[in-house]
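Novice: No letters, just coordinates:
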């Protein structure tokens, strides 16, 4: 079974068994036929992401996606004015690349939490932010070591090893522990591989489907299960949460990473979008729908209505 098929099957099973989250399937078809299908062409905000030559751009996005997590820490992160936690990290890394060029594998392999704090503008006295910087350092260390051990220190060789397959790139990246996004639910392994799948998508978008961004199976990807897409689906009435879980989220309590509630939120979001994709009859990919839903979640209205769930996870 392919990586993405295993994700789909596991998430469908979780959705059937779920106790804390359910999909309002009666709303799915009408919801899918809203502006979702008219806005499925993802693009990069180059004002907030690094753009170099092909290899440099690819290295930036692989490096960024290696640390594209921490939503449960973001309320404590020192952010750029007017920017979310994600864009604070993306812009900080962009500026680092502009100052010093692509981070060599040796530097990645040895970077420290203190160095990450300097790059991302965090103060040493901020405990939660420094905990995240330690996790960032670990993720970058893993990337550097893998590049040195198997790919002569070169990101482009690692991408090339996937042979133009997004699914194969997921497998390559999942050799690193913080990319190995698999939870357990009632004795069953539930894979999500959020950031590994997102890396393939980001490379494809940034490089316009050419060279290191050419993948032949992007249509097989699922959504990139995080905490924002489920939030949008909850606000729009597609996902329904148990009163107890909804109350905890609305009080901005942390939901434990890997808990049944957290797995159900992510899995039900994946399966809900698969149902939407089916309702659209192949007119949209899960990747395209994810892009629309994620950007919808950036709108002020979605941020103001109610909080999204937060989990201190290394996967999103």
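Specialist: Received, thanks. Predicted model only: the values in this text are computed from it and were never measured. Numbering: from 1, shown residues only.

Novice: Low-confidence stretches in the stretch 1-150 of the chain?
Specialist: The stretch 1-150 of the chain contains residues with pLDDT under 70 at 35-41.

Novice: please redo it, this time with the cut-off set to 80
Specialist: Regions of the stretch 1-150 of the chain meeting the criterion pLDDT under 80 cover residues 34-41.

Novice: Tell me which helix or strand comes right after the longest helix seen in the chain.
Specialist: In the chain, taking DSSP state H as the definition, the longest helix is helix 127-150. Once helix 127-150 ends, the next helix or strand along the chain (criterion: DSSP states H and E) is helix 155-160.

Novice: okay, the angle between the next helix or strand after that next one and helix 127-150?
Specialist: Later in the chain than helix 155-160, the nearest helix or strand by DSSP H and E is helix 166-173. Taking axes from the mean of the first three to the mean of the last three Cα atoms, to 10 degrees, one finds helix 166-173 and helix 127-150 inclined to each other by 100 degrees.

Novice: Helix 166-173 - contacts with which helices or strands?
Specialist: Under the contact criterion of 3 or more Cβ pairs under 8 Å, 6 or more residues apart in numbering; DSSP states H and E, helix 166-173 touches helix 3-17, helix 194-206. In this view, the C-beta of every residue, glycine as well, is placed from N, C-alpha and C.

Novice: And the helix or strand that it is followed by, what does it pack against?
Specialist: The helix or strand immediately downstream of helix 166-173 is strand 182-185, counting by DSSP H and E. Applying 3+ Cβ pairs under 8 Å, 6+ apart, we find strand 182-185 packed against helix 3-17, strand 188-191, helix 260-279.

Novice: For residue 146, find the nearest of those.
Specialist: Within these, the stretch nearest residue 146 is helix 3-17; the backing value is 18.0 Å (Cβ to Cβ).

Novice: Give me the contact list for the helix or strand just after the closest one.
Specialist: Heading C-terminal from helix 3-17, the first helix or strand you meet, by DSSP H and E, is strand 21-23. Strand 21-23 has contacts (Cβ atoms under 8 Å, 6 or more residues apart in numbering) with 15, 238-242, 245, 261, 264-265, 268, 271-272, 275.

Novice: Now tabulate those residues in TSV and tack on neighbour count and distance to residue 225.
Specialist: Listed next are the contacts of strand 21-23 as TSV, based on neighbours: other Cβ atoms under 10 Å; distance: Cβ to Cβ, whole Å:
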residue	neighbour count	distance to residue 225
15	21	12
238	25	14
239	22	12
240	16	18
241	21	16
242	15	19
245	21	17
261	22	14
264	26	11
265	30	9
268	27	10
271	25	10
272	29	11
275	18	15
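
Novice: Throw those residues into a markdown table and include distance to residue 131, thanks.
Specialist: What follows is these, written out as a markdown table (distance: Cβ to Cβ, whole Å):
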| residue | distance to residue 131 |
| --- | --- |
| 15 | 32 |
| 238 | 33 |
| 239 | 29 |
| 240 | 33 |
| 241 | 27 |
| 242 | 29 |
| 245 | 25 |
| 261 | 22 |
| 264 | 26 |
| 265 | 23 |
| 268 | 29 |
| 271 | 32 |
| 272 | 32 |
| 275 | 37 |
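
Novice: ok, the residues you listed vs residue 69, which is closest?
Specialist: Out of those, the member with the shortest distance to residue 69 (by Cβ to Cβ) is residue 265, at 15.8 Å.

Novice: thinking again about what came up before, please name every helix or strand in contact with the longest helix of the chain.
Specialist: Checking 3+ Cβ pairs under 8 Å, 6+ apart, helix 127-150 ends up next to helix 54-66, helix 105-110, helix 113-120, helix 155-160.

Novice: how far is it from where the chain is centred?
Specialist: Taking Cα atoms, centre = their mean, to the nearest Å, one finds the center of helix 127-150 at 16 Å from the center of the full chain.

Novice: residues in contact with it?
Specialist: The contact list for helix 127-150 (Cβ under 8 Å, 6+ apart) reads 62-63, 66-67, 69-70, 73, 76-78, 103, 105-117, 120, 122-124, 153-155, 158, 161, 175-178, 314.

Novice: Cheers, nothing more for now.
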